[in-house]
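Q: curious how this folds, go ahead:
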Amino acid sequence: MGNVIRGSRTRERSSCRDRLDDMLRQGADPSSRLIGRMQGLTVGASLSDGSLLTLVDFVFTDGPYNGSTLQVFGRSMLGTAVMERPILGGTGAFRMARGYMLSKMVESPDPDNLLILEFNAY
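A: Prediction:
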């Protein structure tokens with residue numbers, strides 16, 4: 001795949017779990033094209049280092065991957081330069097997908113965004 005996909009992230013907190021349902025945009029700019037949603041769960045994975053276990057579906061609703069999904073699962077820790085997670089599979093254009101995804105935080109041009117992540121899938 002190799003495409004850069006960026007999304008803003010908001011969180012609903014409940015104990016040590018977070019539900020994700022965030023905009024998936026083509027770029028970091030809040031006015032860039034909305035191409036889907038990043039939906040899933042995060043759970044605290046460690047009492048000592050703040051790492052998270054994440055289960056995420058990238059749900060594409062526009063563009064060449066419209067109707068397709070990509071599933072990613074793994075451990076991550078915010079604040080690290082680059083986070084790596086395995087790609088477990090997908091639907092539509094990503095059926096039987098295998099590989100890995102790298103993500104990193106990027107500076108937000110919008111002061112209202114809490115967090116913007118850039119995703120690269122390989």
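Q: leaving aside the residues adjacent along the chain, what's closest to R25?
A: Spatial nearest neighbour of R25, excluding adjacent residues (C-beta to C-beta, 6 or more residues apart in numbering): S32 at 4.6 Å. All C-beta spots, glycine's among them, are computed from the backbone N, C-alpha and C.
Q: tell me who's in contact with the nearest residue in space to M77 that is not next to it in sequence.
A: Using C-beta to C-beta, 6+ apart and skipping residues adjacent in sequence, the residue nearest M77 is S51, 4.5 Å away. S51 makes contacts with G44, A45, R75, S76, M77, as judged by C-beta atoms under 8 Å, 6 or more residues apart in numbering.
Q: so which of the residues you listed are in helices?
A: Here DSSP state H is the test, and the contacts of S51 give no hits in helices at all.
Q: now the buried members of those.
A: Neighbour counting with 16 or more other C-beta atoms under 10 Å marks A45, S76 as buried within these.
Q: A93: which of the contacts of S51 is nearest?
A: The closest of the contacts of S51 to A93 turns out to be S76 (C-beta to C-beta; 24.6 Å).
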